[in-house]
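Visitor: I would like to see how this sequence folds:
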Amino acid sequence: MVSFANQEVLNFYRELPFNIFENENEHRKFIKSGVSLKSHPVLAEIVSKKTRVLEVGCGMGRFSAQLADRYGADVTAIDFNPDVIAYAIKSAESLKLQVDYQTSDLFTFKPLELFDLCISLGVLHHTNNCLAAISHCLDRFVKSGGHFYVGLYHLYGRKPFLVHFADLSKRGATEDDLFREYSRLDNGKTDLTYLRSWFRDQVLHPHETQHTLKEITEVCAKSGAQLVKTSINQFQDFETEAELFDREVEYEQISRRWLAEGRYFPGFFTALYKKA
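Guide: Take a look at the predicted model:
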């Protein structure tokens, strides 16, 4: 299998992992809070103790640990960065949580069994071929009747943020200047290391692509998976996919408004698909 993993991305995250706190205890408290799950309410409808879950690109392992802690799910989590896997294992053991963390390239990972649910949040757009990564996850990791939950940067919603920081750089802004501007927009993070990891991920990242719900839904359909819920309409029921595709175009205006108001808009969306 050809790998579309990006070595430059791996080097970037080995320098400073995303979502890392200065104090390890803060990381463990964050896991126990379960706060990350609040942004993904759709998972509460499909995850239980019987659910076999794979997280692709788990990073520091917080989300996978919260799934194990809150739902008692059978969780496997992979990442191609051995540094974050070592950190995740240590944290899970300290909290007595059972998560199977493995260092692996998603394109070469070969599970013994398929999973009920594959999750990948903020990861596949950092590979050299996001669409191939999506197809790979559905074809190689999700069993028939299972689910795929993916989170990606949005083509329209992400644009104003990227343009804003690109313009600042063109006008001669230093990295410190960019960090101050990011801190102004995303002012809810008080841990400096945590904030710095977000700034690097959002502003200095060496490789990312942006996508639409329409594009991803078409790719998933080729693997026999249909859209169930999406953050584009706050996970509400919908009559047709077309109405969602029309609605997502509005994300650029929302992003522009937030930026004008001095607020951070990540330009990120999630979608849940069910494999036939």
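
Visitor: Surely P266 touches V203?
Guide: No. With contact defined as Cβ atoms under 8 Å, P266 does not reach V203; the gap is 11.9 Å. The way it works is simple: take the backbone N, C-alpha and C, and place the C-beta from them, glycine included.

Visitor: list the buried ones in stretch 122-135?
Guide: 122-131, 133-135 (16 or more other Cβ atoms under 10 Å).

Visitor: What helices and strands are in contact with the longest helix anywhere in the chain?
Guide: Counting residues, the longest helix found in the chain (DSSP state H) is helix 155-170. When contacts are defined as 3 or more Cβ pairs under 8 Å, 6 or more residues apart in numbering; DSSP states H and E, helix 155-170 sits against helix 175-185, helix 251-260, strand 268-275.

Visitor: would a markdown table of these with distance to E8, mean pLDDT and mean neighbour count be doable?
Guide: Formatted as a markdown table, those follow (distance: least, Cβ to Cβ, whole Å; pLDDT from 0 to 100; neighbours: other Cβ atoms under 10 Å):
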| stretch | distance to E8 | mean pLDDT | mean neighbour count |
| --- | --- | --- | --- |
| helix 175-185 | 18 | 98 | 15 |
| helix 251-260 | 26 | 97 | 16 |
| strand 268-275 | 21 | 98 | 21 |
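
Visitor: Can you give the contact residues for the longest helix of the chain?
Guide: With contact meaning Cβ atoms under 8 Å, 6 or more residues apart in numbering, helix 155-170 is reached by 177-178, 181-182, 202-203, 210-212, 215, 248-252, 254-256, 259, 264-269.

Visitor: Could I get the full set of strands for the protein?
Guide: Assigned by DSSP state E, the strands in the chain fall at 52-56, 74-79, 99-103, 115-121, 142-153, 225-230, 268-275.

Visitor: Make TSV out of the ones you listed and add distance to I46.
Guide: Output for the strands of the chain, formatted as TSV (distance: least, Cβ to Cβ, whole Å):
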stretch	distance to I46
strand 52-56	10
strand 74-79	14
strand 99-103	18
strand 115-121	6
strand 142-153	6
strand 225-230	9
strand 268-275	8
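
Visitor: Contacts only, for the nearest residue to H205 once chain neighbours are set aside.
Guide: Excluding the flanking residues, the one nearest H205 by Cβ to Cβ, 6 or more residues apart in numbering is F12, at 6.8 Å. For F12, the contact set (Cβ under 8 Å, 6+ apart) comprises 200, 205-206.

Visitor: which of the residues you listed count as buried?
Guide: R200.

Visitor: Closest one to E45 out of the contacts of F12, please.
Guide: H205 (32.0 Å; Cβ to Cβ).

Visitor: which phi and psi does the closest one have?
Guide: phi -60, psi 140 (degrees, to the nearest 10).

Visitor: surely V219 meets I134?
Guide: Yes. Counting by Cβ under 8 Å, V219 does reach I134; the two are 5.3 Å apart.

Visitor: Quick check: buried residues in stretch 72-80?
Guide: 73-80.

Visitor: And stretch 36-51, by the same measure?
Guide: Buried, per 16+ other Cβ under 10 Å, within stretch 36-51: 36-37, 40, 42-43, 46-47, 51.
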